[in-house]
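**Student:** A predicted structure for the sequence below; I have some questions about it.
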Amino acid sequence: MENQNIEYKETWRDEYIKWICGFANAFGGKIYIGIDDKGNISGINDAKKLLEEIPNKTKDLLGILVDVNLKTKSKKNYLEIIVESYPYPVSYKGQYHFRSGSTKQELKGAALDKFILQKQGKHWDTVPQPNLKISELSKNAFDYFKEKSVDSKRISSELLKVSHAVLLEKLHLTTDIGYYKRATILLFHGDPEKYITGAYIKIGFFISDDDLVFQDEVHGNLFEQVEKTMDLLLTKYLKANILYKGINRIELYPIPEPALREALLNAVVHKNYANGNPIQISVYSNKLIIWNEGELPDNWTVDRLKTKHPSKPFNPDLANGFFRAGLIEAWGRGTIKILNECRLAKTSLPVFKYDLSGFVVEFDFSNKNIKGEILTLIKENKNITVDELCMRLDTSKSTVQRHIKKLKEENKLLRNGADKVGYWEVLQE
């Protein structure tokens, strides 16, 4: 049966050299000539001729060597072509083909750029950017980086006193021939979109999937984007419950702030900036979704992100900049931190999703920890009424009464006295 590494063809055609090219650029594989799609041997009549022609044509057109073996079963001849995976890009008449699943694809555009960089052991953010001058870079971005780096102690204090040019060199954001890397633009340029299409963040508030109420766009270097986006989400898009401990005002958001920041940082650092699409944050009354055109390492699944895993950043130079500034860790703990912060706040755990369209983190706060919030409010004011609880929790009276009943049944809450003159007593949290 055909799969990632096996292809069946009933007869030979020279265009099948494209399939050999696809296997060579992917993980290698085998092509059988004289076998139908169901794996039944149909046989070929010109096997001996093809034994010589296929290796020669492959060498002339692709510049690689393949093994072609004659096989016989039930008196029927068929060929086995063994293709190795090559460490460098292999082209067929200027085209680059790639075996993916049980299909062959011709790589173009951003997909081709990524493929060639991977074969060279490089990443998109490490590519040099011609014509970029240090005078274009933002002093505010450097000041922000230095301030954060002092706090994080992940860079020497002496290095923070050097010129911007030397600092970029020490951060490995320059190439041997004197160009600055693409990561330099995203980290320190005042307007990264001058060079990189889609290097910004879109935020929208939706009543339903097709009913957008209001939106914002966040531009600037990535450090700015993170700070401005967090500010917008916390002041404009998410509604906080207000609590007081003594004279101190406490705002409880439906998503723990550290978890939200970590999810945003992950999207910014690991996004595939080659595809030209902005990070998109969709906010609803009961959920928040962060989408970015990022990719998981080969053979990884979202389940692996929920346990300890190595750090394999999609953009290593970007990740290093954020790490030196103390904004992220370098141990692959970002997704685990998101989950742990939600557990600590006793909110619903986010869902991680990944497919060909990109990576999604979805926070669902439709089922808030209402019982916990009721106990917190009562501890602050033992005389609080049910109507006041409804207003503070932004929920219905029936919902509050239902949770109060459960708290009483669990021996966590006691009502002393009548409704109008009595008071609440928290027995346990």
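**Tutor:** Nice, thanks for sending it over.

**Student:** helix or strand for Ile290, which one?
**Tutor:** If you go by DSSP states H and E, Ile290 is part of strand 287-292.

**Student:** state the mean pLDDT of that strand.
**Tutor:** Averaged over strand 287-292, pLDDT sits at 96.

**Student:** I'd assumed Ile20 was in contact with Ser85.
**Tutor:** No - counting by C-beta atoms under 8 Å, Ser85 stays clear of Ile20, with 11.8 Å between them. C-betas here are computed from N, CA, C, even on glycine.

**Student:** pick out whichever of these two has more residues nearby.
**Tutor:** Ile20 (26 against 14; other C-beta atoms under 10 Å).

**Student:** mind listing what the more buried one touches?
**Tutor:** Ile31, Thr58, Leu62, Ile64, Val66, Ile81, Val83 (C-beta atoms under 8 Å, 6 or more residues apart in numbering).

**Student:** partners of the helix or strand hosting Val68, with directions?
**Tutor:** Using DSSP H and E, Val68 maps to strand 67-73. Using DSSP bridges, strand 67-73 pairs in its sheet with strand 76-83 (antiparallel).

**Student:** C-terminal to the partner strand, what's the next element?
**Tutor:** Next element after strand 76-83 (DSSP H and E): strand 97-100.

**Student:** how close does the closest residue to Gln4 other than its chain neighbours get to Phe27?
**Tutor:** In this structure, Gln4 finds its nearest non-sequential neighbour in Gly101, 6.1 Å apart by C-beta to C-beta, 6 or more residues apart in numbering. Per C-beta to C-beta, to the nearest Å, Gly101 is found 11 Å from Phe27.

**Student:** so for those two, which sits in the more crowded spot?
**Tutor:** Per other C-beta under 10 Å, whichever of Gly101 and Phe27 has more neighbours is Phe27, with 15 against 10.

**Student:** coming back round to it: and the strand holding Val68, which residues are buried?
**Tutor:** Buried residues in strand 67-73, counted by 16 or more other C-beta atoms under 10 Å: Val68.

**Student:** stretch 381-390 too?
**Tutor:** Those would be Ile384, Leu389, Cys390, for stretch 381-390 by 16+ other C-beta under 10 Å.

**Student:** so how far is that stretch off the chain centroid?
**Tutor:** 42 Å (C-alpha atoms, centre = their mean, to the nearest Å).

**Student:** and it, how far apart are its ends?
**Tutor:** 14 Å (C-alpha to C-alpha, to the nearest Å).

**Student:** who touches it?
**Tutor:** Ile374, Leu377, Ile378, Ser396, Lys397, Thr399, Val400, Gln401, Ile404, Tyr423, Trp424, Glu425.

**Student:** do stretch 89-108 as well
**Tutor:** 2-5, 7, 17-19, 21-27, 29, 61-64, 112, 115-116, 119.

**Student:** now the end-to-end length of it.
**Tutor:** Start-to-end, stretch 89-108 (C-alpha to C-alpha) is 13 Å.

**Student:** same thing with stretch 80-89?
**Tutor:** 23 Å.

**Student:** which parts of that stretch are buried?
**Tutor:** Those would be Ile81, Val83, Tyr86, Pro89, for stretch 80-89 by 16+ other C-beta under 10 Å.

**Student:** okay but the second one is in contact with Phe23, surely?
**Tutor:** Spelled out, it's Val83. Yes - when contacts are counted by C-beta under 8 Å, Val83 is listed as touching Phe23 (4.0 Å).

**Student:** okay, and the common contacts of the two?
**Tutor:** Gly29, Ile31.

**Student:** any idea how far Gly29 is from the closest residue to Thr184 other than its chain neighbours?
**Tutor:** Excluding the flanking residues, the one nearest Thr184 by C-beta to C-beta, 6+ apart is Leu173, at 4.5 Å. Going from Leu173 to Gly29 by C-beta to C-beta gives 39 Å.

**Student:** for Phe206, same thing?
**Tutor:** Taking C-beta to C-beta, one finds Phe206 at 45 Å from Gly29.

**Student:** which one's more surrounded, those two?
**Tutor:** Gly29 (21 against 17).

**Student:** quick one, what contacts the more buried one?
**Tutor:** Contacts of Gly29 (C-beta under 8 Å, 6+ apart): Gln4, Asn5, Ile6, Glu7, Phe23, Val83, Arg99.

**Student:** next, give phi and psi for it.
**Tutor:** phi 170, psi -170 (degrees, to the nearest 10).

**Student:** any idea what it is bridged to?
**Tutor:** Residues in beta-bridge contact with Gly29 (DSSP bridges): Val83.

**Student:** where does it land on pLDDT?
**Tutor:** For Gly29, the pLDDT comes out at 94.

**Student:** where do the strands of the stretch 51-200 of the chain begin and end?
**Tutor:** With strands called from DSSP state E, counting those that start in this stretch, the stretch 51-200 of the chain shows them at 67-73, 76-83, 97-100, 103-106, 128-129, 180-181.

**Student:** mean confidence for the third one?
**Tutor:** Meaning strand 97-100. Strand 97-100 comes out at a mean pLDDT of 92.

**Student:** neighbouring strands of that strand in the sheet, and parallel or not?
**Tutor:** Going by DSSP bridges, the partners of strand 97-100 are strand 103-106 (antiparallel).

**Student:** nice, that's everything, thank you.
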